[in-house]
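only the shape, not the letters, is given here:
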């Protein structure tokens, strides 16, 4: 498997072929492995809960073209204009709110590369610093709900997807605060990061009326977020129904802002189908692989071996996080979950840890990988969006301080599990 991944073979093919070959070796009959794949392809995704995937994907894609990102950035820029480093903080704040209607980090990176980067460069921001702000803040897209990663993890862990989505709210807000404080500290410690002439501010000081107008401009976006997340919180909607409501809400916003036409909408439908299909194929392959591991006894052997190690339980959790970090440098976030969770979840469960807490810690740790060389997906999404305007290694170097800040959040989650479990416990 490892060799195939390093050679660039698609993870779904690796998992399905490993499942078929594994059962062939176990039973001596290849037809059993083929039948497993056939039955899994039918049964693994024949569940109402899987409808949440296309709805959340469509919600994110529609919001990307609806004009919501420009409105959010403009409003956040107005509110932070008094602060040195305010444009960077505005990017973080806009990404945090935008994350609540996208759920995909790569989409946030591509959108804000076009919106906030030119503004920061025009106001004297060092290029690597500005690129790092966009890359780092885009990670919020997979942490603040709705998050496709939490949906996938919930399916693998058999945990309530609604609770997992709500569990990401407090960690997401904390990371937003850490990023904002980090940008302020970096600008104070290294003033050359923003090369403005002496006495000049980044933006004119806004009046109170302008600030109120900026907040009011976000009414539609905030309403969609409130309906979607509030519906899940208060039990009015299932996550699937909330996804449908959110997708319709972003579509209506796009029509109100006059940013959506038939060609754009058709492209969204096609991309939704392509993205959903790739996720479901991965889920089918992962379920096949997990069933093969169950028949082989590897899961029980791995659990017993790990649990027999003469180390504290937290050391085992830290070992799992290191594995996430290493894999994050080479493969995408969804594939990491599908590869590791069949073996890790039984161990975490037997250790007595909350699976919702572990899911949040795992997602944050895995997301470090999407801005880490050599294959950080967010970095290459930004490169694709910017073309010759940015170099890949400049984005990687600019992202490093934000990886450190994400490390602070991981430590906080390990020390204070309630940060991720308190809100779900109230549902």
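The structure has been received and is ready for your questions. Keep in mind that what you see is a predicted model, and the values were worked out from it rather than measured. Numbering: from 1, shown residues only.

please count neighbours and contacts with C-alpha atoms only from this point.
Will do.

quick one, phi/psi of residue 194?
phi -120, psi 100 (degrees, to the nearest 10).

cool, and residue 217?
Dihedral angles of residue 217 (phi, psi; degrees, to the nearest 10) stand at phi -70, psi -20.

contacting residues for it?
Listed by CA atoms under 8 Å, 6 or more residues apart in numbering, the contact partners of residue 217 are 71, 75.

grab the nearest non-local neighbour of residue 282.
With sequence-adjacent residues excluded and distances taken as CA to CA, 6 or more residues apart in numbering, residue 282 is closest to residue 12, at 5.1 Å.

likewise for residue 34?
Residue 34 sits nearest to residue 20 (CA to CA, 6+ apart), 6.1 Å away.

got a list of contacts for the helix or strand hosting the one you found?
Following DSSP states H and E, one finds residue 20 within helix 11-27. Under the criterion CA under 8 Å, 6+ apart, residues 1, 4-5, 29-34, 36-37, 281-282, 285-286, 288-293, 295-296, 335, 339 lie in contact with helix 11-27.

buried ones among the residues you listed?
The neighbour count (16 or more other CA atoms under 10 Å) marks 32-34, 36-37, 281-282, 285-286, 288-293, 296, 335, 339 as buried among these.

residue nearest the centroid of the chain?
The chain has residue 142 as the residue nearest its centroid, 1.7 Å off, counting by CA atoms, centre = their mean.

what distance do you get for it to residue 127?
25 Å (CA to CA, to the nearest Å).

next: residue 287.
For residue 287, the distance to residue 127 (CA to CA) stands at 44 Å.

of these two, which one has the most company?
Taking neighbours as other CA atoms under 10 Å, residue 287 and residue 127 compare with residue 287 leading, 25 against 20.

just give me the neighbour total for the residue nearest to residue 282.
22.

what's the pLDDT at it?
Residue 12 is assigned 70 on the pLDDT scale.

again with the one 5 residues further on
Residue 17 is assigned a predicted lDDT (pLDDT) of 78.

repeat that for residue 184.
At residue 184, pLDDT is 92.

what does residue 237 give?
The model reports residue 237 with a pLDDT of 82.

ditto for the one 3 residues further on
Among the per-residue scores, residue 240 holds a pLDDT of 81.

on the three-state scheme, it is what?
Secondary structure state of residue 240, per DSSP: H, G, I helix; E, B strand; the rest coil, is helix.

now do it against residue 147, distance only.
13 Å.

higher neighbour count, those two?
residue 147 (28 against 21).

pretty sure that one sits against residue 141.
Yes. Using CA atoms under 8 Å, residue 147 is in contact with residue 141, at 7.0 Å.

quick one: low-confidence parts of the stretch 151-300 of the chain?
Where the stretch 151-300 of the chain drops to pLDDT under 70, the residues are 196-204, 294, 299.

ok, 90 please
For the stretch 151-300 of the chain, the stretches with pLDDT under 90 are 151-152, 154-163, 165, 188-265, 267-269, 271-300.

which residue ranges form the helices in it?
161-167, 169-189, 208-216, 219-233, 239-256, 262-296, 298-308 (DSSP state H, counting those that start in this stretch).

most packed of those?
helix 161-167 (a mean of 25; mean count of other CA atoms under 10 Å).

quick one: list the elements packing against that helix.
Judged by 3 or more CA pairs under 8 Å, 6 or more residues apart in numbering; DSSP states H and E, the packing partners of helix 161-167 are helix 148-157, helix 219-233, helix 355-368, helix 418-425.

switch to 10 Å and redo it
Counting contacts by 3 or more CA pairs under 10 Å, 6 or more residues apart in numbering; DSSP states H and E, helix 161-167 is packed against helix 148-157, helix 219-233, helix 239-256, helix 355-368, helix 418-425.

thinking again about what came up before, and for the residue nearest to residue 34, the neighbour number?
Neighbour tally, residue 20, other CA under 10 Å: 23.

please tell me how far it sits from residue 427.
Going from residue 20 to residue 427 by CA to CA gives 41 Å.

what about stretch 218-226, distance to the chain center?
20 Å (CA atoms, centre = their mean, to the nearest Å).

what lies in contact with it?
63, 68-69, 71-72, 74-76, 97-101, 145-146, 215-216, 228, 230-233, 242, 245-250, 252-253, 256 (CA atoms under 10 Å, 6 or more residues apart in numbering).

the residue nearest to the centre of the chain against residue 149, yeah?
Yes. Under the criterion of CA atoms under 10 Å, residue 142 makes contact with residue 149 at 6.5 Å.

start and end of stretch 56-76, how far apart?
24 Å.

show the average pLDDT along that stretch.
80.

centre of the chain to that stretch, how far?
Centroid separation for stretch 56-76 versus its chain: 16 Å, with CA atoms, centre = their mean.

re earlier: what touches both of residue 240 and residue 147?
Counting by CA under 10 Å, 6+ apart, the shared contacts of residue 240 and residue 147 are 53, 56, 161.

from the residues you listed, which is closest to residue 210?
Distances from residue 210 to the shared contacts of residue 240 and residue 147, taken as CA to CA, are shortest for residue 56 (33.1 Å).

name the element that closest one belongs to?
helix 52-65.

ok, then the element right after that helix?
Downstream of helix 52-65, the next assigned helix or strand under DSSP H and E is helix 68-79.

what's that next one packed up against?
Looks like helix 68-79 contacts helix 52-65, helix 86-99, helix 105-122, helix 208-216, helix 219-233, helix 239-256 (3+ CA pairs under 10 Å, 6+ apart).

could you give the angle of it to helix 219-233?
110 degrees (axes from the mean of the first three to the mean of the last three CA atoms, to 10 degrees).

and helix 68-79, how far from the chain's centre?
The answer for helix 68-79 is 21 Å, by CA atoms, centre = their mean.

make 57 the starting number, not 1.
Okay, residue one is now 57; in that scheme the one you just asked about reads as helix 124-135.

and the angle for it with helix 295-312?
80 degrees.

helix 124-135 to helix 142-155, inter-axis angle?
140 degrees.

and the residue nearest to the centre of the chain, how close does it get to residue 298?
In terms of CA to CA, residue 198 sits 17 Å off from residue 298.

kind regards, and thank you for your time.
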